[in-house]
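>>> Structure for this input, please:
(chains A and B)
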Number of protein chains: 2
Amino acid sequence: MLNIVHRVGMESKSTDDVYAALTTIEGLAGWWATDTTGETGVGGVIEFRFAPGGFDMLVLELVPGKRVLWEVVDGPPEWIGTTVRWDLKQVDDWAIVLFAHEGWAEPVEFMHHCSTKWATFLVSLKQLVETGTGAPEPYDLQVSDWH
Amino acid sequence: MLNIVHRVGMESKSTDDVYAALTTIEGLAGWWATDTTGETGVGGVIEFRFAPGGFDMLVLELVPGKRVLWEVVDGPPEWIGTTVRWDLKQVDDWAIVLFAHEGWAEPVEFMHHCSTKWATFLVSLKQLVETGTGAPEPYDLQVSDWH
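Next comes the predicted model:
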């Protein structure tokens, strides 16, 4: 079992601000995929759509200001059954995000790509929460031939 | 044993261009740490210095245009003994970098932080190779309270 992990912080923000960006369609569409629809409550499925395809996330757990947990129920085969965990904590005036995309079966090249893309989208999330403007797809940073 | 992995690509560039940025002091200082000194040949030690400290890398392996392998011989305790591997390959007109920072003992919060920072420095490496200007420390993107 292999995991992608990241950590970002939002200055002069609260974990409630980050939580809102992870649990509302407007928030999610502001930093990850502009084309985001679905149900954001526990048991709901959120559909994120990108030019080459997309991901369907089942919302497994929501703890306001503290944690969001998704399971990938549709998308690329390497993603199905993996989980995406967001742990939030306040450190002074920083809202800290500990991110983990857990349960990759193999350290495939696509995992390398997704790790780098997650980092750029986490920076997008940081920018959205701090400034009101993120860089969701199709405005995201291209990191390679795989976009 | 835990690994940080990433993948970036440089458009209209060759793996020789990337290799030069990984194996010369001028190249390394152009995307990672402005304050970089040392010996870049096999058996040499390269000293990267940042505001809060630094890393000393022993060069274990060099295959022109294909691979660079370092071992961390001094730096934060979590880094010592880990290895940093750069595998390069050409895919049409893209120079592709598969990166792995291997051998973390525990999935500590600092590993999360380093994963995100590596991504931003790999984007800096991409920009250096593609445009001639990277964003090495102290011009790097701050991702959190840990810088």
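
>>> residues contacting the residue in chain A sticking out farthest from the centre?
Going by Cα atoms, centre = their mean, the residue of chain A most distant from its centre is residue A:92, 23.4 Å out. Shown in contact with residue A:92 (Cβ atoms under 8 Å, 6 or more residues apart in numbering or on different chains): residue B:145. C-beta coordinates here come from the backbone N, C-alpha and C atoms, glycine included.

>>> and it, what pLDDT?
We have a pLDDT of 97 for residue A:92.

>>> Check the spacing between residue A:15 and chain B real quick.
Residue A:15 sits at a distance of 13 Å from chain B (criterion: Cβ to the nearest Cβ, to the nearest Å).

>>> And residue A:66, by the same measure?
As judged by Cβ to the nearest Cβ, residue A:66 and chain B stand 16 Å apart.

>>> With adjacent residues omitted, what lies nearest to that residue?
Leaving aside its chain neighbours, residue A:66 sits nearest to residue A:88 (5.6 Å; criterion: Cβ to Cβ, 6 or more residues apart in numbering or on different chains).

>>> and the one you found, that's in a helix?
No: under DSSP: H, G, I helix; E, B strand; the rest coil, residue A:88 sits outside any helix and is assigned strand.

>>> burial measure for it, as a count.
Residue A:88: 23 surrounding residues under other Cβ atoms under 10 Å in any protein chain shown.

>>> Quick check: it touching residue A:95?
Yes: with contact defined as Cβ atoms under 8 Å, residue A:88 counts as touching residue A:95 (6.5 Å).

>>> what's the overlap in contacts for these two?
Residues touching both residue A:88 and residue A:95 (Cβ under 8 Å, 6+ apart): A:15, A:18.

>>> quick revisit: next one: the residue farthest from the centre of chain A from residue B:124, what distance?
Separation of residue A:92 from residue B:124 (Cβ to Cβ, to the nearest Å): 28 Å.

>>> got it, and residue A:53?
Computed as Cβ to Cβ, the residue A:53 to residue B:124 distance reads 29 Å.

>>> The two: which is more packed in?
Comparing residue A:53 with residue B:124 by other Cβ under 10 Å, the one with more neighbours is residue B:124, at 22 against 10.

>>> Helices of chain A, start to end?
Along chain A, the stretches classed as helices by DSSP state H are A:15-23, A:25-29, A:109-131.

>>> Of the ones you listed, which is nearest residue B:144?
Residue B:144 sits nearest to helix A:109-131 of all the helices of chain A, at 8.1 Å, using Cβ to Cβ.

>>> Could you count how many residues lie near the residue found closest to residue A:24 once you drop the neighbours it is linked to in the chain?
Nearest residue to residue A:24 in three dimensions, chain neighbours excluded: residue A:40, at 6.2 Å (Cβ to Cβ, 6+ apart). When neighbours are defined as other Cβ under 10 Å, residue A:40 has 19 of them.

>>> Surely residue A:40 and residue A:20 touch.
No: using Cβ under 8 Å, residue A:40 is not in contact with residue A:20, being 10.5 Å away.

>>> Looking at the helices of chain A, which one is packed in the most?
Comparing the helices of chain A by mean neighbour count (mean count of other Cβ atoms under 10 Å in any protein chain shown), helix A:109-131 ranks first with a mean of 22.

>>> want to throw the helices of chain A into CSV with mean pLDDT?
What follows is these, written out as CSV (pLDDT from 0 to 100):
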stretch, mean pLDDT
helix A:15-23, 98
helix A:25-29, 98
helix A:109-131, 98
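
>>> Sounds good, over and out.
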